[in-house]
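In: Return a 3D structure for these sequence lines:
(chains A and B)
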Amino acid sequence: MNKLAQVEPVEATPVPVSKPARQGSLFSHARYVIGENPVTGIAFGMFVIIAACAIFGPLIAPYDPLASNTASALQAPSAKHWFGTDQLGRDILSRVMVAARLDLGIAIFSVALVFVMGGLSGVAAGFFGGWTDRIVGRIADTIMAFPLFVLAMGIVAALGNTVTNIVIATAIINFPLYARVARAEANVRRDAGFVQAARLSGNSDVRIVLTQVLPNIMPIMVVQMSLTMGYAILNAAGLSFIGLGVRPPTPEWGIMVAEGAGFIVSGEWWIALFPGAALMLSVFCFNLLGDGLRDIVDPQRRT
Amino acid sequence: MTESTSTLLDVKDLTVEFATRRGIVRAVQNVDLTVGKGETVGIVGESGSGKSVTSYAVMRILDRAGRIADGAITFSGIDVRNASESEVRDLRGREISMVFQNPRAALNPIRKVGHQIEDVLLEHLQASPQDAKVKAIEALQKVRIARPDERYHAYPFELSGGMCQRVVIALALACRPQLLIADEPTTGLDVTTQKAVMDLIVELTRENGMSTILITHDLGLASAYCDRVVVMEKGKVVETAKSAQIFKSPQHAYTRKLMRSTPRIGANLRDLLPEDMPVPLTPAKKTAGGGASLLSVSNLVKEYPRQGVGGTLATLFRRKNEFPQSEVFRAVDGISFEIKRGESVGLVGESGCGKSTTSMMVMRLLDATSGHITFDGEDIAAIPAKSFAGLPLRKRIQMVFQDPTDSLNPRFTAARAIADPIYRLGGLRGRDAVRARCEELARQVGLPVELLDRFPHQLSGGQKARVGIARAIALKPELVILDEPTAALDVSVQAVVLNLLEDLKHSLGMSYLFVSHDLNVVRLLCDRVIVMRAGKIVEEGETEAVLSAPKTDYTRELLAAIPHPPL
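Out: Presented below is the predicted three-dimensional model:
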């Protein structure tokens, strides 16, 4: 077979042949992507801050978020209380920080749940077609037929007022989005050459879906996850805002905005503003992160 | 055309740079190019030679990362490089227009073709809203579209690839530009369509005294249709000569290499390899078919429901006998053939003739409507395609796909792609054993072992083709179906891959079913050839006999359409 090996130098290859596999290429790639698009870097920085609050919130918060102190109620932002205090004298900064864990937790679990449910059923629908496709498609249509927030309210009201049910409700209303994206992406790859090649290699259809199709639609699913993260946070806060789900005095951005809303007229704007701003920034951050993440995980750009 | 005719386009010392992640890449370096009035110039080169980038620079349509770093472009007295954007916009379409490779992508899929031509005419003030329709139909007529009044209302998806390319040409010529740049205008079209489209381009441009730049990878095509040929390699012009001369006395080594590797009459497989390469041990002699029968196909039929007829509403509202044609479409219409052990059989035909459907059925990726496929004494047509994947028989029939990029999972490394069939069906266990087998296969197909850990997008086209071949032979199959395995490759790479396939066939004792539209390539590799048209076999026989003395008109037509350099 030596003669065949000698065939190689003839080939006109524009790709340099002797490039060793680089170490830590994902990190350097991430740095490149952020350098290309600084907004991603800002979003990533914000994400780190939010994540730090979620993980270490109770440890690094300057005050006990639940300790009320009527003597210092309704104080404007100052050096002592950066974000001011609410009607019970609780430190708003501490409450905003501690609330990050609950809001982010709801978002992460609901996104994970919907990714598994919607992603898998969507991929199956797109790949197998036929009845699988019809059933998944009609389920998605049925969910889409409701105003989504009202549906979430209904689910939480029916199942009971708990955090778990908020997670489930948020996952259900996002189901059509995931199922449809996954279906479309899987459908395109159903007859791709590498899928046919995998069949020739003796892979069963289920194996092909899991090992060949799913990894290829991950980039787009990751983007979808990041985008719906923001939406899930908003949804959880919205439910709490109208009194469903999380109950006071638990610190949660939606409840805090709801509590502060009544005080805006009397001039105590900070009670609603800071948790609202935290909510807005985190939604914003996850949307921007979605774009950046796509660039990082896309194998075409990872050269 | 000679140098004495006045110059229309003059490119001097052109250098184009692209800003990439790894720094500045010079795609085109110090290129000089002149096009005289009424002259047809061919730019020939393999992928990455900078031939397209040169023309994009002339049109000033480089993408954002690219810029003209040096040089001058003069088009009939206008300095294109330093012209303002509005001046250049005026040039595009009216003075210089372009025909792209994929005609379907160049047309708006949701607008009628007639309206698209009108848009261009109105945009460049070539027609008034009143007479636009008449002029658009005239334009369609000019590009020889039959029944232009009806086709005016057609959407691009209703037209064939060749027809779409005609519409694109009509669009390009609508404003009577002085220069037409055709970028691989016939790649992806059948040979007979290619001939019709090229004849049309040359005729129309000559008629109107236009100049043409034909960008192509096919030296034969360029020299058959162009006055002068410019050969490019790695961003540089290596040779410029009259097309008759370039074949008679190529000056540059690269031109000679390109010519050698172009499949042509009278050359055998080994002739395609460069002179400086060690001659392989086995001469490319055709094995006389004498082995036992390996595969025999009899009366194979594949039917598809005709689209748009089977719908419930259509059935309800249809008057009796409104659709006289049958409700099924026969993609493969009762074909029978045989492949012996150690034999290569070519399955040739134009797109839509059913050759791919046939290969998919033989491959057991698709169920036949009726007929038998007997593989080594067993009727495999009876086994549903779904359950075939897990059978031990699967090992014995493998396939090399047409597009090496599409057939490799972008998220698998080369080693993992090759190892996949070994894990599933090879019966080999243990990472080290599989890895060793992968390396052995890589050596067999001439893929450097260090490339095994790369992802497909980090490999060149030829390397990807080798990965695909290694995967197909990993299970030591007896029958390999080659579905245009070199269609997406440069000619020099094609020459090497074809030789590799021939060597592997001898050393591993495989049989090939070679599916292709290119008779010149089939000639090189196959012992016997089967010509298909509209689902039926029109001619079958020994390759040399069929190609030198075709019995049917269709085969003759196919052969005549292959562009031959003027010798």
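
In: per-domain residue ranges of chain B.
Out: Domain assignment for chain B, taken from automatic domain parsing, gives B:1-95+B:179-262, B:99-176, B:341-367+B:395-561.

In: Show me which of those domains has the highest average neighbour count.
Out: When these are scored by mean count of other C-beta atoms under 10 Å in any protein chain shown, the highest mean neighbour count falls to domain B:341-367+B:395-561 (a mean of 21). (Each C-beta comes from the backbone N, C-alpha and C, glycine too.)

In: hang on, the earlier thing: out of the domains of chain B, flag the one nearest residue B:384.
Out: Closest to residue B:384 of those, according to C-beta to C-beta: domain B:341-367+B:395-561, at 6.0 Å.

In: can you give me the end-to-end distance of that closest one?
Out: 32 Å (C-alpha to C-alpha, to the nearest Å).

In: Which pLDDT value belongs to residue A:14?
Out: Note for residue A:14: predicted pLDDT of 40.

In: swap in residue B:212?
Out: In the predicted model, residue B:212 carries a pLDDT score of 91.

In: so where does it fall, helix or strand?
Out: Taking DSSP states H and E as the criterion, the element that holds residue B:212 is strand B:211-216.

In: Mind listing the strands that strand pairs with, and their directions?
Out: Each strand paired with strand B:211-216, and its direction, by DSSP bridges: strand B:40-44 (parallel), strand B:179-183 (parallel).

In: Residues contacting that strand, please?
Out: With C-beta atoms under 8 Å, 6 or more residues apart in numbering or on different chains as the test, strand B:211-216 has contacts from B:8-9, B:35-44, B:51-52, B:55, B:58, B:178-187, B:201-202, B:205, B:221-222, B:225-226.

In: rerun at 7 Å
Out: Strand B:211-216 is contacted by residues B:8, B:35-44, B:51-52, B:55, B:178-184, B:201, B:205, B:222, B:225-226 when judged by C-beta atoms under 7 Å, 6 or more residues apart in numbering or on different chains.

In: try stretch B:190-204
Out: So stretch B:190-204 is contacted by B:40, B:142-144, B:161-162, B:165-166, B:169, B:173, B:182, B:185-186, B:189, B:212, B:221, B:225, B:350-351, B:517, B:557-558, B:561-562 (C-beta under 7 Å, 6+ apart).

In: Check stretch B:219-234 too.
Out: For stretch B:219-234, the surrounding residues in contact (C-beta under 7 Å, 6+ apart) are B:1, B:33, B:39-45, B:49-51, B:198, B:202, B:214, B:216, B:237-243, B:246-247, B:252, B:254-255, B:258-259, B:262, B:563-566.

In: same thing with stretch B:62-72?
Out: Contacts to stretch B:62-72, defined as C-beta under 7 Å, 6+ apart, come from residues B:11-20, B:56-57, B:79, B:81.

In: quick one: contacts for residue A:292?
Out: By C-beta under 7 Å, 6+ apart, the contact set of residue A:292 is A:33, A:37, A:40, A:43-44.

In: so it is in which element?
Out: helix A:270-297.

In: residues near residue A:28, how many?
Out: Neighbours of residue A:28 under the rule other C-beta atoms under 10 Å in any protein chain shown: 11.

In: Tell me the spacing between it and residue A:37.
Out: According to C-beta to C-beta, to the nearest Å, residue A:28 stands 16 Å off from residue A:37.

In: per-residue confidence for residue 123?
Out: Unless you meant another one, I'm taking chain A. Confidence at residue A:123, expressed as pLDDT, is 92.

In: nope, chain B please
Out: As predicted, residue B:123 sits at a pLDDT of 80.

In: ok, so what distance separates it from residue B:116?
Out: 11 Å.

In: what stretches of the stretch 151-300 of chain A score poorly on pLDDT?
Out: Applying pLDDT under 70 to the stretch 151-300 of chain A flags residues A:296-300.

In: And the residue of it that's closest to chain B?
Out: residue A:193 (3.1 Å; C-beta to the nearest C-beta).

In: Now that residue: closest residue in space that isn't a chain neighbour?
Out: residue B:407 (3.1 Å; C-beta to C-beta, 6 or more residues apart in numbering or on different chains).

In: mind listing what the one you found touches?
Out: Neighbouring residues of residue B:407 by C-beta under 7 Å, 6+ apart: A:193-194, A:197, B:401, B:468.

In: Helix, strand, or coil at the closest residue to chain A within the stretch 1-150 of chain B?
Out: Using C-beta to the nearest C-beta, the closest approach of the stretch 1-150 of chain B to chain A is made by residue B:48 at 4.1 Å. Under DSSP: H, G, I helix; E, B strand; the rest coil, residue B:48 falls in the coil class.

In: Equivalent analysis for the one 4 residues further on, please.
Out: Applying three-state DSSP to residue B:52 yields a three-state assignment of helix.

In: Quick check: the gap between it and residue B:506.
Out: 38 Å.

In: what's near enough to touch residue B:137?
Out: Counted by C-beta under 7 Å, 6+ apart, residue B:137 has contacts B:148-149, B:152.

In: Specify the next element, helix or strand, located C-terminal of the helix or strand harbouring it.
Out: Here residue B:137 sits within helix B:132-142, counting by DSSP H and E. Going down the chain from helix B:132-142, the next helix or strand is helix B:148-151, by DSSP H and E.

In: any idea how far that next one is from the chain center?
Out: In terms of C-alpha atoms, centre = their mean, to the nearest Å, the centre of helix B:148-151 is found 29 Å from the chain centre.

In: Quick check: which helices or strands does that helix pack against?
Out: Applying 3 or more C-beta pairs under 7 Å, 6 or more residues apart in numbering or on different chains; DSSP states H and E, one finds that helix B:148-151 contacts helix B:132-142.

In: what's the spacing between residue B:453 and residue A:32?
Out: Noted for residue B:453: a distance of 21 Å to residue A:32, by C-beta to C-beta.

In: again, but for residue B:355
Out: Residue B:355 is 45 Å from residue A:32, by C-beta to C-beta.

In: So which residue is smack in the middle of the chain?
Out: Using chain A. Closest to where the C-alpha atoms of chain A average out (C-alpha atoms, centre = their mean) is residue A:229, at 2.6 Å.

In: I was thinking of chain B, sorry if that wasn't clear
Out: Centroid-nearest residue in chain B, with C-alpha atoms, centre = their mean: residue B:188, separated by 4.3 Å.

In: that's a helix at it, yeah?
Out: No - under three-state DSSP, residue B:188 falls outside any helix and is assigned coil.

In: so what pLDDT did it get?
Out: Residue-level confidence at residue B:188 comes out at 73, pLDDT.

In: Residue B:564 too?
Out: In this model, residue B:564 is scored at 69, pLDDT.

In: Out of the domains of chain B, the one nearest residue A:254 is which?
Out: Nearest of the domains of chain B (C-beta to C-beta): domain B:341-367+B:395-561, 39.1 Å.

In: And that closest one, how far out from the chain middle?
Out: 15 Å.

In: any idea of the mean pLDDT for that domain?
Out: 87.

In: Can you name the residues that contact residue B:392?
Out: By C-beta under 7 Å, 6+ apart, residue B:392 lies in contact with nothing.

In: And for the one 5 residues further on?
Out: Residues in contact with residue B:397 (C-beta under 7 Å, 6+ apart) are B:363-364, B:375, B:477, B:479.

In: Need the residues you listed in TSV (columns: distance to residue A:206 and secondary structure).
Out: Shown next, in TSV, are the contacts of residue B:397 (distance: C-beta to C-beta, whole Å; DSSP: H, G, I helix; E, B strand; the rest coil):
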residue	distance to residue A:206	secondary structure
B:363	21	coil
B:364	19	coil
B:375	26	strand
B:477	24	coil
B:479	27	strand
